[in-house]
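Peer 1: can you look at this prediction? I've put the sequence above it.
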Amino acid sequence: LAQPSEASCPPKKSKASPKAPTKPAPDTPVAAAEQPGPPEKKPKLDASEPGGTDEHEKDDVPDTSSKTVTGKCYMNPADATVDAVVGENGVLTGLTAGFFQHTAKGVRANVGVKSGRHYFEVQIIEWLVGSSYKTRIGVSTAEVSLYALHDERTVGFESDGRFVCQGSATMPNTPGKARPSFTKGDTVGLLLNLQADGESANTVSLFKNGVRATPPMPLPDCIRGKVLFPTVVYKCATVRVNLGPSPLTNLPFTVRMVGAAKESDVSMSSLKTGGAPEAVVPVGLPNSGVLDWVDAWMTKNTGAVEVSSRSILNWLEVSGLTVRRSGGSAERPIFQVSGAPSDHASLGLADGKAQRQLLQAASLQQKSVVVLEISENLRKQWRTELLSTVGPSYKTTAVVVAGEPSEEIKERARDVIRKRKRAEFDRMVAARRVQKTREKAARQHKRKLEKLREEKINQAKEQAAKLAAEKKAAAAKRAAAAAAAAGGETAPAGEE
């Protein structure tokens, strides 16, 4: 085609000319990358969210050179209560017939942590509806009895959110957060920090579904520097324990699981299944030191089970029931149970049914037992019938407890007396401290009331003086006005 002449068409500007850049139409969309503006800012995560930047803990430094205990860690059936059932993949359940429906089950891991920072989890699979269910995740030393849930050498978190430490349960201070409780379907984790230094050294923390639920709680001095074993307590529930090597939920930081710990940071438990269990029946007269002998025997035989009315009574008490003694002796008390439709007779303690049930459960777990029924143990028929329950794998022994006690039992008795006196002294000191605090508060309140009374009296005096001055000034003004009127002068408008 012929090109138009320059005279008939105005000259065109070049597209590359910097003086006339091409402008998009008003309705033409512009790419986001071409729009000018400040760079996009990522929102800052809170410490309560996974990946939060304000988390107390930092990422672990990877270390592949050290040997680990991967594949060697599990919840130890040899270190569990007789009514606890340890299944595959860390699933824990328990017996629920008879008085076992009111007892708390406890299981401890076969590996304990002595240094470093480690983590393990508990998943709540089910809770028995309508029951007094509970779950506790924590740590304890190897010598603590799983039937003594309030021992000072155990710490942990209850399912209602309370922190159990030194025998008492308190609610952690979590400002701005909900109560750190957990229920069915939740996965809770315990972070045990035994590092030598750092902001969170010698503490435990609770995480719920990967989110921090409590601040780091300090460990008591009595268990610092000792080997601490993961411990799970549950009642009317089925739970799953995950020791590792990988967590079930994502955390805001990377941390070693207990099941993937370095061999130098952990210690293995000496309690193992198998071996020849023993059934011991002490024979002696009441008030002749049989109870002290049984206590000493239980101290030597860790993991053994005491079959007696007093052991069942103590077990029910630490499981959350209110037990009131209504008679009986020290080794065979009679009691009433509140919180459960049961008493001494219906629990099977009067006719020995509960003791046989406890003995059967112990024989299923192949645990050593000692039968403490002083009056009944004197009868051969009772001993024969009771020991026929345990089976041929048990070594049965009858021990006659008589004569002068050994020096070990004497020292143990002295230690019990010292502890009792120390507890009484501590209670007296605590009561005196509370009394002094109350007296101090009363004195402060009295001084505050006296100060308020003086302030009110001074205010009343000031108001009275001010009112008197105003009356005096008003009277002077009236007198001046009267004098001015008598002299024929006009009073000023203000005075009028």
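Peer 2: That came through fine.
Peer 1: from now on I want contacts and neighbour counts done on CA atoms only, so please keep to that.
Peer 2: Noted.
Peer 1: where does pLDDT dip in this protein?
Peer 2: Along the chain, the model assigns pLDDT under 70 to residues 1-56, 129-131, 176, 326-351, 488-496.
Peer 1: tell me the centre residue of it?
Peer 2: With distances taken as CA atoms, centre = their mean, the chain has residue 157 as the residue nearest its mean C-alpha position (2.0 Å).
Peer 1: surely that residue is in a helix?
Peer 2: No: going by DSSP: H, G, I helix; E, B strand; the rest coil, the assignment for residue 157 is strand, not a helix.
Peer 1: where is the longest strand in this structure?
Peer 2: For the chain, the longest strand by residue count, based on DSSP state E, is strand 116-127.
Peer 1: which residues touch that strand?
Peer 2: Counting contacts by CA atoms under 8 Å, 6 or more residues apart in numbering, the residues outside strand 116-127 that touch it are 133, 137, 183-196, 230, 236-244, 247-248, 255-258, 261, 265.
Peer 1: make a PyMOL selection of the buried ones in those.
Peer 2: Only the buried entries of the contacts of strand 116-127 go into this PyMOL selection, using 16 or more other CA atoms under 10 Å:
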select buried, resi 133+137+183+187+188+189+190+191+192+193+194+195+230+236+237+238+239+240+241+242+243+244+247+248+255+256+257+258+261+265
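Peer 1: show me the contacts of strand 116-127 that map onto strands.
Peer 2: Short answer: these in strands (DSSP E) are 137, 187-194, 230, 237-242, 256-257.
Peer 1: could you pull up the residues touching residue 390?
Peer 2: Residue 390 sits next to 279, 359, 360, 363 when contact means CA under 8 Å, 6+ apart.
Peer 1: among those residues, which are in strands?
Peer 2: Checked against DSSP E, these include these in strands: residue 279.
Peer 1: which one of the contacts of residue 390 is nearest residue 285?
Peer 2: Residue 285 has its nearest neighbour among those in residue 279, at 19.7 Å by CA to CA.
Peer 1: hang on, the earlier thing: hey, what's the residue nearest to the centre of the chain bridged with?
Peer 2: Beta-bridge pairing for residue 157 (DSSP bridges): residue 137, residue 163.
Peer 1: pull out the buried residues from stretch 149-158.
Peer 2: Using 16+ other CA under 10 Å as the test for burial, stretch 149-158 gives 149, 150, 151, 152, 153, 154, 155, 156, 157, 158.
Peer 1: next, count neighbours for the residue nearest to the first one when sequence neighbours are not counted.
Peer 2: Translated: residue 149. Nearest non-adjacent residue to residue 149, counting by CA to CA, 6 or more residues apart in numbering: residue 318, 6.1 Å away. By other CA atoms under 10 Å, 16 other residues sit near residue 318.
Peer 1: wait, residue 318 touches residue 151, no?
Peer 2: No: using CA atoms under 8 Å, residue 318 is not in contact with residue 151, being 10.1 Å away.
Peer 1: buried ones in stretch 297-314?
Peer 2: 297-298, 302-313.
Peer 1: taking the residues you listed one by one, which sit in helices?
Peer 2: If you go by DSSP state H, those have 297, 298, 309, 310, 311, 312, 313 in helices.
Peer 1: so which of the contacts of residue 390 is the most crowded?
Peer 2: Highest neighbour count within the contacts of residue 390, by other CA under 10 Å: residue 359, with 27 neighbours.
Peer 1: the nearest residue to it once chain neighbours are set aside and residue 184, how far apart?
Peer 2: Nearest residue to residue 359 in three dimensions, chain neighbours excluded: residue 307, at 6.5 Å (CA to CA, 6+ apart). Using CA to CA, to the nearest Å, residue 307 is found at 33 Å from residue 184.
Peer 1: what does residue 103 give?
Peer 2: 19 Å.
Peer 1: surely the residue nearest to the centre of the chain is in contact with residue 136?
Peer 2: Yes: counting by CA under 8 Å, residue 136 is a contact partner of residue 157 at 5.5 Å.
Peer 1: and residue 184, what does it touch?
Peer 2: Contact analysis of residue 184 by CA under 8 Å, 6+ apart lists 124, 125, 126, 127.
Peer 1: doesn't residue 254 make contact with residue 59?
Peer 2: Yes: Residue 59 is within contact range of residue 254, at 4.7 Å (criterion: CA under 8 Å).
Peer 1: who has more neighbours, these two?
Peer 2: Per other CA under 10 Å, whichever of residue 59 and residue 254 has more neighbours is residue 254, with 14 against 10.
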